[in-house]
Structure formats: C-alpha cells, structure tokens
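J.: My questions are about this predicted structure, shown below with the sequence.
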Amino acid sequence: MLRYFTSGESHGEALVAFLSGLPAGLRVDQDFIDRELWRRQQGYGRGGRMKIETDRAHIVSGVRHGVTIGSPIAVLLENKDWKNWQESLPVAEGDPAKHQALKSPRPGHADLAGALKYNFPEARYVLERASARESAARVAIGSIAKLLLRELGIEVLSHVTSVGAVGLDHEVSWERIRKVCNQNEVLLGCADPEAEQRMKEEVDRVLKSGDSVGGVFEVVAQNVPPGLGTYAQWDERLDALLAAAVMSLQAVKAVEIGAGIRAAASPGSQVHDEIGYNADGTFTKFSRAHNNAGGIEGGVSNGQEIRVRGYLKPISTLRRPLQSVDFATREPVKAAYERSDVCVVPAAGVAAEAMVALTLARCALEKFGGDSMLETKRNFEGYVNQLRNY
Ligand SMILES: Cc1cc2nc3c(=O)[nH]c(=O)nc-3n(C[C@H](O)[C@H](O)[C@H](O)COP(=O)(O)O)c2cc1C
C-alpha cells in the first residue's frame, strides 16, 4: 500500500517527506522532481519567501543508483530561510527573548483554532506547521508518484481557470494545458493569454489595496484506465479520495469533479455523457459525447480524462489587516502581518497535481500490485488487454 506523510516547520531547518510502498525498479529523475518543485514556487503574486527558497529534493533513502529499491523513500527539502530563524525558532530551548511570537491571530488562518487546540499562548508554532510551505514536501513525493504513473502512460497536469472574479468560461484542451505547464516563465498558469492578463490586473488591484485574492485551478489526469476506485465501499470511491486529497491543501475550500457545480442546476439530459461504440479509444471502443462526469462515475474511473477543480479562498494574511484580539492582553488589535503571498492559485494547482498523482498511484498499486516495476507493468498490461478484449 502506498503511504505518505510529511514533516517540518515553515522556518525550521528542513521539510521531510516520506513515501512508502512503491515497487522496486522505478527510475527516479532528479531533474523532473526539481522542476516540479520550481513550478510550485512560480506565479504572479507570490511573496518574498519564494525569492529566498530554491527547492531541491535531497533524497536520503529508498533510491539507489537512480532507481527505487522497494524501501521507504525519504526526501529532505532544505529551508534556506532557516539561517534567519535559528535563534528565534531553535530546537533547543534557546533564549526566550529572541522568540518571535505571533501575537494576534489572523482571521482565516489556523492561528486561533490551533492555539486553542494545543494550548499555546500565541500562534507561532501553529503557523509554522499550518503554512503551505508544507506543500513543497507533497510536491516532492507527488513527482515520484507521477514518475510511476508515467510508466503506466498516465499524466497529471493543471492550469488556472480563475483568479478572483476573472475566469475562463470554456473547457481547455489537454494540449493547451501541457503548453502552459511546459512554460519556463509562469505568470498565472492560465491557457488563455488575454484572460491571464486580466487575472494579472486583478492581482495588481489587490496588491495595491493591501488585500488578497483566491481563485480556481483544474487538475487533469490523462490516460487513466477505466476501473480505478470502486463504488463497493464508501472510502474506496475515487471521487471521494480525490476530493479529500485536493481539499487537504491549504486554502482549498471546495472541490468539484467534472461539471459538478453546474450539473446541480441543470437537467439530467444536459449533464450525463451519452455513450457510443466503435471509437478508436485508448482502452476500449466505448466513447462519450462529453465529459461532464470528469472521468468518474460511481466512484470508478471511466476511461475519460479525470478533471478535478479546487476552489481557493483568498490568502488570509493581509497587508491591511482585519480586526483581531491580542493573545496577551485580549484587547482589540489588528491581525498580525508576516511576509505573505497575495495570490497562489498556480502554485496550489501544482500542489494539487501532486495530491492527485499520489491518489491515482495508490489506487493503481492497489489494483495492479507488484513488488517490482516488471510485475506492476505486467499486471497493468494484462488488465489493459482484458479491457481491449471486453
Ligand atoms: C501554495 C500556497 C501558498 C500559501 N501562502 C500563504 C501565505 O503566504 N500567507 C497566508 O496567509 N496564507 C497562505 N496560504 C494559505 C494558508 O496556508 C491557509 O489559508 C492556512 O494554512 C489555513 O488553512 P485553511 O485555509 O485551509 O483553513 C497558502 C496556500 C497555498 C496553497
């Protein structure tokens, strides 16, 4: 079973990610992992932190001579900013006078709920772990999951469909999404240059006024065979697993599969994807007139592209802060401000790709098994043959 978790504070020495359950013999492409980490750091509206950090995956276990060996993988990502925090956030007790408290909780951030939960007098430790710096660790192991999926012909990419009130009103093809993801300069990760310019103006507007903005990204998985996930048990449904995986990202407040939101307000005749036969499909001869289902029916992948959207709330750290309360005095004050991003929609999309890839890799390994890539691929190809002969 594929298992993964992460560790690390935003301004601590490093982030660490663990990935266990991969078959042996998967080639690990270091440049690919580092490019994925780079992609997560891009986008117009990021704060000063991204200028300090240039993430590189330091693999410390589970990979030898460039391939997985079936042992758990640990990846370390150094925090370059640590050098500025060694005295204020030491592992040892250190000098309390040098600690940097977060004195007034930010509405929308984890500060108040976390401080109450863990009985902290202020929110420093809360923000250190709640921060989306953690998502870099997910991208590191998600990119290894992508390498596994690639061996099965599956690819996962994302693009931005809206920033604040500026959005696209049409579906974007796989080819255009790939072009956006291959760019070496990222503005807002939108496939439509004219819409992207308007998105940039939206970011400029909130930047100027000390505000922040959210938006929507779409993750697309191509070449997923029918049959991943199942309706047989609630917690094995692919739609449920993907929704949880994407919702688990910081600031994602809604997840949509296919045309889910529009579908709720439309008659069935305009929603459900009519079925045809004799198509020249990758896995079967069945075809669909549209893909409003987003590639999943009954919690099972149906062979169409999987399309999952994540809706991000605006960033909660504001240069013109909202009203809050001082932790120490309980007097009304403005919420704390720390260097912050203003718009993170493209970066969140890259982190969501990682979560979708990890989820699909887990489902694929549950279905196809295998302790070596040879075995996994043989099982996969056997199933693909079975589908062709259906
Ligand atoms: C890629 C990414 C970067 C983020 N950067 C910031 C940031 O700089 N400042 C901030 O206040 N929130 C940022 N957030 C959002 C917070 O991490 C998030 O709102 C907070 O942890 C509370 O969690 P919740 O929004 O899921 O309730 C970021 C989110 C993502 C996905």
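T.: Sure, I can see it. Note that this is a predicted model, so its numbers are computed, not measured.

J.: Tell me how far stretch 116-133 lies from the chain's centre.
T.: Put simply, stretch 116-133 sits 21 Å off its chain's centre (Cα atoms, centre = their mean, to the nearest Å).

J.: How about stretch 95-105?
T.: That offset, for stretch 95-105, works out to 31 Å (Cα atoms, centre = their mean).

J.: how about that stretch against the ligand, any contact?
T.: No - in terms of Cβ under 6 Å from any ligand atom, no part of stretch 95-105 sits within range of the ligand; the closest distance is 11.1 Å. Backbone N, C-alpha and C define where each C-beta goes, glycine included.

J.: Straight-line length of that stretch, end to end?
T.: One end of stretch 95-105 sits 23 Å from the other (Cα to Cα, to the nearest Å).

J.: how about it: buried residues?
T.: Buried residues in stretch 95-105, counted by 16 or more other Cβ atoms under 10 Å: L102, K103, S104, P105.

J.: Now do the same contact list for the residue nearest to E134 when sequence neighbours are not counted.
T.: Excluding its sequence neighbours, the residue lying closest to E134 (Cβ to Cβ, 6 or more residues apart in numbering) is T6, at 5.8 Å. For T6, the contacting residues are L15, V16, A17, F18, E134, A137, R138, I141, by Cβ atoms under 8 Å, 6 or more residues apart in numbering.

J.: and these, which of them are in strands?
T.: L15, V16, A17, F18 (DSSP state E).

J.: Which strand residues bridge the last one?
T.: Which is F18. F5, A74 (DSSP bridges).

J.: Is it in contact with L76, as I believe?
T.: No - using Cβ atoms under 8 Å, F18 is not in contact with L76, being 10.6 Å away.

J.: Common neighbours of the two, please.
T.: With Cβ under 8 Å, 6+ apart, F18 and L76 have no common neighbours.

J.: Which single residue in the stretch 1-150 of the chain comes nearest to the ligand?
T.: Residue nearest to the ligand within the stretch 1-150 of the chain: A132 (3.2 Å; Cβ to the nearest ligand atom).

J.: mind listing what the nearest residue to that residue once chain neighbours are set aside touches?
T.: Excluding the flanking residues, the one nearest A132 by Cβ to Cβ, 6+ apart is Q250, at 3.9 Å. Neighbour list for Q250: A130, S131, A132, E134, S135, A348 [criterion: Cβ under 8 Å, 6+ apart].

J.: between these, which is nearest L365?
T.: S135 (22.7 Å; Cβ to Cβ).

J.: Could you give the number of residues near that closest one?
T.: 25 (other Cβ atoms under 10 Å).

J.: F368 versus the residue nearest to it when sequence neighbours are not counted, what's the distance?
T.: Setting aside the residues directly before and after it, S135 is nearest to A351 in space (Cβ to Cβ, 6+ apart), at 3.9 Å. From A351 over to F368 the distance is 26 Å, taken as Cβ to Cβ, to the nearest Å.

J.: do T284 as well
T.: T284 is 18 Å from F368, by Cβ to Cβ.

J.: For the two, work out which one has more neighbours and name it.
T.: In this view T284 and F368 are compared by other Cβ under 10 Å, and F368 has more residues nearby, 20 against 17.

J.: Could you check the pLDDT of that one?
T.: With respect to pLDDT, F368 scores 98.

J.: Over to G47?
T.: Looking at G47, its pLDDT reads 85.

J.: all helices for the stretch 151-300 of the chain, in order.
T.: 174-182, 193-209, 238-247, 260-263 (DSSP state H, counting those that start in this stretch).

J.: Leaving aside the residues adjacent along the chain, what's closest to E256?
T.: Nearest to E256 is R309, by Cβ to Cβ, 6+ apart, at 4.3 Å.

J.: got the buried residues for the helix or strand containing that neighbour?
T.: In this structure, R309 sits in strand 306-312 according to DSSP states H and E. Within strand 306-312, the residues that count as buried by 16+ other Cβ under 10 Å are I306, R307, V308, R309, G310, Y311, L312.

J.: Tabulate those residues (a markdown table), appending distance to A165 and pLDDT.
T.: A markdown table is the format used below for the buried residues of strand 306-312 (distance: Cβ to Cβ, whole Å; pLDDT from 0 to 100):
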| residue | distance to A165 | pLDDT |
| --- | --- | --- |
| I306 | 27 | 98 |
| R307 | 22 | 98 |
| V308 | 22 | 98 |
| R309 | 16 | 98 |
| G310 | 17 | 98 |
| Y311 | 13 | 98 |
| L312 | 14 | 98 |
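
J.: So which of those residues is the closest to L238?
T.: Looking across the buried residues of strand 306-312 and measuring by Cβ to Cβ, the closest to L238 is I306, at 8.0 Å.

J.: how about the closest one, what does it touch?
T.: V219, V220, A221, V224, L242, I257, G294, G295, I296, V356, L360 are the contacts of I306 under Cβ under 8 Å, 6+ apart.

J.: again with G48
T.: Counting by Cβ under 8 Å, 6+ apart, G48 has contacts R339.

J.: ok, back up a step: neighbours of the residue of the stretch 1-150 of the chain closest to the ligand, just the number please.
T.: Neighbour tally, A132, other Cβ under 10 Å: 18.

J.: report the angle between the axes of the helix ranked longest in the chain and helix 193-209?
T.: Looking across the chain with DSSP state H, the single longest helix is helix 345-368. Per axes from the mean of the first three to the mean of the last three Cα atoms, to 10 degrees, the angle that helix 345-368 makes with helix 193-209 is 120 degrees.
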